[in-house]
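> Fold the stuff below for me.
(one chain, ligands or ions: 2)
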Amino acid sequence: MNKKAIRKEINTLIDNMEDSILTDLSRRVSELVIEQPVWKEAKQILLFLSFGKEFKTDFLIRQALKDQKAVAVPRICGKEMTFHYIKGLDDALETNRWGIREPLAGSPLWNPEKGKTLMLTPGVAFGPEGSRLGRGGGFYDRFLSEKGDVLKTVGLSFEWQFRDDIPMEEQDRRLDGLSTESRFLIFKAD
Ligand SMILES: Nc1nc2c(c(=O)[nH]1)N(C=O)[C@@H](CNc1ccc(C(=O)N[C@@H](CCC(=O)O)C(=O)O)cc1)CN2
Ligand SMILES: Nc1ncnc2c1ncn2[C@@H]1O[C@H](COP(=O)(O)OP(=O)(O)OP(=O)(O)O)[C@@H](O)[C@H]1O
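Numbering: from 1, shown residues only. Ligands and ions are numbered 1, 2, ... in the order given. From the prediction side, this is the model:
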């Protein structure tokens with residue numbers, strides 16, 4: 001199946017899910033993530049602010065802040081994605097062209113030198129060996145082609161988003177790990 005068809009299929013599934021189910025499943029994935037050494041070792045976590053029917057990141061954001069980790073979330077400017085620190089879920093935010101909440105332009109930029117960074121990525125579908133299919137903006141692929149070497153990447157997935165027919169092109173970046181509600185996979189160790 002091509003990327004567009006997979007996106008359509010998975011998006012239909014997720015759109016039909018109750019918010020309460022998404023919240024519950026996200027919580028289970030999150031609980032598995034926070035047991036992992038890669039989470040414990042990270043001083044900084046790159047996350048995203050959930051919107052609509054997708055993985056709910058509130059639990060992970062709160063847990064990271066409770067664990068004294070720095071948390072940064074994306075802001076989009078044209079084709080570029082930058083990560084900015086937030087201090088809490090009620091920070092001053094604005095809404096971008098898709099209705100996704102994002103930090104204000106002037107808020108401090110993620111600095112890789114401030115400590116080991118773990119990026120938890122969204123995605124529409126994930127597969128073996130770290131393959132990942134996003135929403136089609138190429139934001140994560142472009143970001144990782146530049147900064148991929150100074151952080152670790154773990155995908156946040158529900159079991160039904162895992163499939164082995166994800167088409168990977170040269171510019172698609174592979175993840176180092178993946179968490180679902182029932183397993184944590186490591187594709188690339190240190
Ligand atoms: N919460 C959250 N924030 C995020 C992402 C995400 O997946 N979730 N992103 C992850 O990258 C980036 C935003 N990327 C996006 C890419 C496309 C669309 C979008 O709505 N696209 C259109 C058309 C897509 C197409 O051409 O097929 C659409 O779906 O209608 C939205 C966000 C950064 N912030
Ligand atoms: N490293 C890169 N440099 C320039 N363009 C890129 C790069 N990576 C992806 N793109 C472009 O971004 C667009 C979307 O790519 P693709 O469909 O693989 O995105 P995606 O994986 O779904 O999105 P995302 O990475 O945001 O989750 C394509 O037009 C692709 O050419």
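> for ligand 2, what are the nearby residues on this protein?
3, 133-142, 145, 171-172 (CB under 6 Å from any ligand atom). Just so you know, the C-beta spots here come from the backbone N, C-alpha and C atoms, and that holds for glycine as well.
> Now for residue 49, how many residues are close by?
For residue 49, the count of nearby residues is 17 (other CB atoms under 10 Å).
> so where do the strands sit in this protein?
Under the criterion DSSP state E, strands of the chain are mapped to 44-46, 70-77, 80-86, 93-95, 101-103, 117-121, 125-126, 132-133, 152-156, 177-179, 184-186.
> which one among the residues of the chain next to ligand 2 gets closest to residue 152?
residue 140 (13.9 Å; CB to CB).
> show me what contacts that closest one?
81, 121-122, 132, 134, 173 (CB atoms under 8 Å, 6 or more residues apart in numbering).
> In this structure, which residue sits closest to ligand 1?
Residue of the chain nearest ligand 1, by CB to the nearest ligand atom: residue 137 (3.2 Å).
> what residues does this protein put near ligand 1?
48-51, 54, 74, 76, 81, 98, 100, 122, 134-137, 139-140.
> what do you get if the cut-off is 5 Å, keeping everything else the same?
48, 51, 74, 98, 100, 122, 134-137, 139 (CB under 5 Å from any ligand atom).
> ranking those by neighbours, who comes first?
residue 48 (24 neighbours).
> In TSV: the contacts of residue 140, plus pLDDT.
What follows is the contacts of residue 140, written out as TSV (pLDDT from 0 to 100):
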residue	pLDDT
81	97
121	98
122	98
132	97
134	97
173	93
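> ok, those residues vs residue 185, which is closest?
residue 132 (12.2 Å).
> Report the contact partners of that closest one.
121, 123, 125-126, 140, 155, 166, 172-175.
> Out of these, which is nearest to ligand 2?
For those, the minimum distance to ligand 2 (CB to the nearest ligand atom) is 3.5 Å, reached by residue 140.
> What pairs with the worst-scoring helix or strand of the chain on mean pLDDT, parallel or antiparallel?
Across the helices and strands of the chain, mean pLDDT, DSSP states H and E gives its lowest value to strand 93-95, namely a mean of 93. Next to strand 93-95 in the sheet, as set by DSSP bridges, lie strand 101-103 (antiparallel).
> so what's residue 158 closest to, chain neighbours aside?
residue 25 (5.3 Å; CB to CB, 6 or more residues apart in numbering).
> quick one: the one you found and ligand 2, what's the gap?
Separation of residue 25 from ligand 2 (CB to the nearest ligand atom, to the nearest Å) stands at 20 Å.
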